[in-house]
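K.L.:
Have a look at this prediction, sequence included:
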Amino acid sequence: MKCTSIMTICSYMTEDIRVPLMKAENAVSEASEIRLYNGRGAAVCDRNGCRFLCRDGSLSAKINSGSIMVTTEQLKNILSRLSRYSVYSHEKELTEGCFVLENGVRVGISGTFSEGGKLKDISSMNFRIARQVIGCGDELFSSTCGRSLIICGAVNSGKTTILRDLCRLYGNAVKCTLIDSRNEIAAVIKGKPANDVGMLTDIITGKSRHDGIISAVRTLSPGYIFCDEIADSSDAEAIREGIGCGVKFIATIHADSVEELLRRSVVRTLLNIGAFEKAAFLRSGGRGVREIRSMKNVNKICGSEPYSDMRISMGNVTVGQLQGLSLIHI
């Protein structure tokens, strides 16, 4: 198969799911998720929606007599493979309901959990396919180089994908730290990132954003810190400490407009201390940047700066310039 992420997923499937999935190679090559529903079907999801996998390798909009029906035993078998046949050594993953596999594939598990947080019964599994899009952050990098930035967008707008590529670009020239709490950006396996996030990027996984930021600021001396989905006051507290030490931040948040962005109390707190100079708003469906706005004055948000008017050639941003980022003014 062309997509190594799909090959990774197939290696964990039982044969009666793996064989039809491999037969559906062309249709599955653009998938973003493979979902297994206990007592129901196996769904292949892409930007156009979800279709159900059939035993002959075809995909159907609805469950029919030829559809694969996922069983409890199949899910238990797949879980055993995910935990390398050692459930006790993967208690953390089972409690959190999340596994990270080769090629950056992430597996989310839903079901019934005990009071202690242990998984008792599996309801579904979601294999999320990681695709690093090298170059997707080039133009945003050119337009905001040297500025602290918050990347805003709705669900599935590509925030994490663009953040990853910006981290790669910055991290190939200056010291950066990536706070990858859920290991979904770098996809670290045994200490090594499956995704390219830059040669000079330190990666912290398994810690909360707050603890990761504090640790990076005190021990790793980054010029830039990258983090995904800032959400609460503890994140703001850590970012405030980082700013006080001269660190710049590039982060994402769920917000599709300036109005929605400013309704988030954590954002208002951060903008009031000048944490972010620019905000980039993404188009839906992972179709790139819609607009970039100045965040210099939170009480009087500047007007939209059309993305096409802010572009500068990537050829104009050299590694030497990047290493003196504080001197660049766009």
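P.N.:
Nice, I can see it.

K.L.:
quick one, strands of the stretch 1-150 of the chain?
P.N.:
33-37, 42-46, 49-53, 59-60, 98-100, 106-113, 119-128, 149-153 (DSSP state E, counting those that start in this stretch).

K.L.:
residues in contact with the last one?
P.N.:
Think strand 149-153. Here strand 149-153 makes contact (Cβ atoms under 8 Å, 6 or more residues apart in numbering) with 140, 159, 162-163, 166, 230, 249-256, 261, 267, 270, 275-284, 295. C-beta here means a position set from N, CA and C on the backbone, and glycine is covered the same way.

K.L.:
Check the residues you listed for burial and list the buried ones.
P.N.:
140, 159, 162-163, 166, 230, 249-256, 261, 267, 270, 275-282, 295 (16 or more other Cβ atoms under 10 Å).

K.L.:
which ones among the residues you listed are found in strands?
P.N.:
The strands, defined by DSSP state E, take in Phe249, Ile250, Ala251, Thr252, Ile253, His254, Lys278, Ala279, Ala280, Phe281, Leu282 from the buried ones among the contacts of strand 149-153.

K.L.:
Among the residues you listed, which one sits closest to Gln74?
P.N.:
His254 (33.6 Å; Cβ to Cβ).

K.L.:
so that closest one touches Glu229, yeah?
P.N.:
Yes. Between His254 and Glu229 there is a contact under Cβ atoms under 8 Å: 6.8 Å.

K.L.:
got any residues that touch both of these two?
P.N.:
With Cβ under 8 Å, 6+ apart as the test, His254 and Glu229 both reach Lys159.

K.L.:
contacting residues for Ile253?
P.N.:
So Ile253 contacts Ile150, Ile151, Cys152, Lys159, Glu229, Ile230, Ala231, Leu261, Arg264, Val267 (Cβ under 8 Å, 6+ apart).

K.L.:
List just the nearest of the residues you listed to Val107.
P.N.:
Closest to Val107, out of all of these and judged by Cβ to Cβ, is Glu229, at 19.0 Å.

K.L.:
what separates that closest one from Leu163, distance-wise?
P.N.:
10 Å (Cβ to Cβ, to the nearest Å).

K.L.:
which residues are in contact with both of these two?
P.N.:
Joint contacts of Glu229 and Leu163 (Cβ under 8 Å, 6+ apart) are Ala251, Thr252.

K.L.:
just so I have it, where are all the helices in this structure?
P.N.:
4-12, 15-23, 25-28, 72-82, 91-96, 138-144, 159-171, 209-219, 233-244, 258-262, 265-272, 307-310, 319-322 (DSSP state H).
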